[in-house]
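Novice: The following comprises the amino acid sequence and a computationally predicted model.
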Amino acid sequence: MAVRKITEYPEKVLAEVGKPVTEFDEELEKLCADMFETMYDAEGVGLAAQQIGLALRLFVMDCEGIKLVAANPEIIAIEGEQSNPEGCLSVGKVPAVVVRAEKATLRAQNEKGEWFEREADGYAARAFQHETDHCNGKLFIDHLPKMRREMVVKRFQKEKNWK
Ligand code: NI
């Protein structure tokens, strides 16, 4: 297992729509193990393949007791609305309030290729939506009005230069 380098905005791969995962083999298991390790190392609750430079429809997450690998993820049902601060490891965890569905049902395949459905609400539902977005080449800042988006990007760049 290894901690991989996390890609950061505006790296191109973050805007790429992921290719479907088709091989559920040892290589995929190793990749997922690396993704979990990278996510824990960065103290995140979710990480998509795009965030380690791979345009794949794949994410891992461990949020509010929901720990899973999601290959070829889809949000198949949503309900309600929540407005909460959200951040992303690829945008320096700079927070911004994003409107999301309060409840979401995820449909995806695990690392063995078995399909599953999982329902969540609150923070975990937000993670489902955020990570599935990554697999579609979309970042949380893409949900923000232009001015707020620019503010997040500016703050991220400023903090990056301080490091
Ligand atoms: Ni993210």
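Specialist: Alright, I've got the coordinates.

Novice: Pull out the buried positions in the helix or strand where residue 150 lies.
Specialist: In the assignment (DSSP states H and E), residue 150 maps to helix 146-162. By neighbour count, with 16 or more other C-beta atoms under 10 Å as the criterion, the buried positions of helix 146-162 are 149, 152-153, 156-157. (C-beta placed from N, C-alpha, C; glycine too.)

Novice: From the centroid of this structure, which residue is nearest?
Specialist: residue 131 (2.7 Å; C-alpha atoms, centre = their mean).

Novice: Against residue 30, how distant is it?
Specialist: Separation of residue 131 from residue 30 (C-beta to C-beta, to the nearest Å): 20 Å.

Novice: Give me the three-state assignment for the nearest residue to residue 87 once chain neighbours are set aside.
Specialist: Of all residues not flanking residue 87 in the chain, residue 93 sits nearest, at 4.1 Å (C-beta to C-beta, 6 or more residues apart in numbering). Here residue 93 is recorded as coil under DSSP: H, G, I helix; E, B strand; the rest coil.

Novice: Now residue 93: phi and psi?
Specialist: When read as degrees, to the nearest 10, the backbone of residue 93 gives phi 60, psi 20.

Novice: what does the one 5 residues further on give?
Specialist: With angles defined as degrees, to the nearest 10, residue 98 sits at phi -120, psi 140.

Novice: Could you report the neighbour count for it?
Specialist: 21 (other C-beta atoms under 10 Å).

Novice: Which strand residues bridge it?
Specialist: Counting by DSSP bridges, residue 98 is bridged to residue 84.

Novice: wait, what's in contact with it?
Specialist: Contacts here follow C-beta atoms under 8 Å, 6 or more residues apart in numbering; on that basis residue 98 touches 83-86, 126, 140, 143-144.

Novice: Let me have the residues you listed in CSV, extended by neighbour count.
Specialist: Below are the contacts of residue 98 laid out as CSV (neighbours: other C-beta atoms under 10 Å):
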residue, neighbour count
83, 10
84, 13
85, 10
86, 23
126, 25
140, 23
143, 18
144, 19
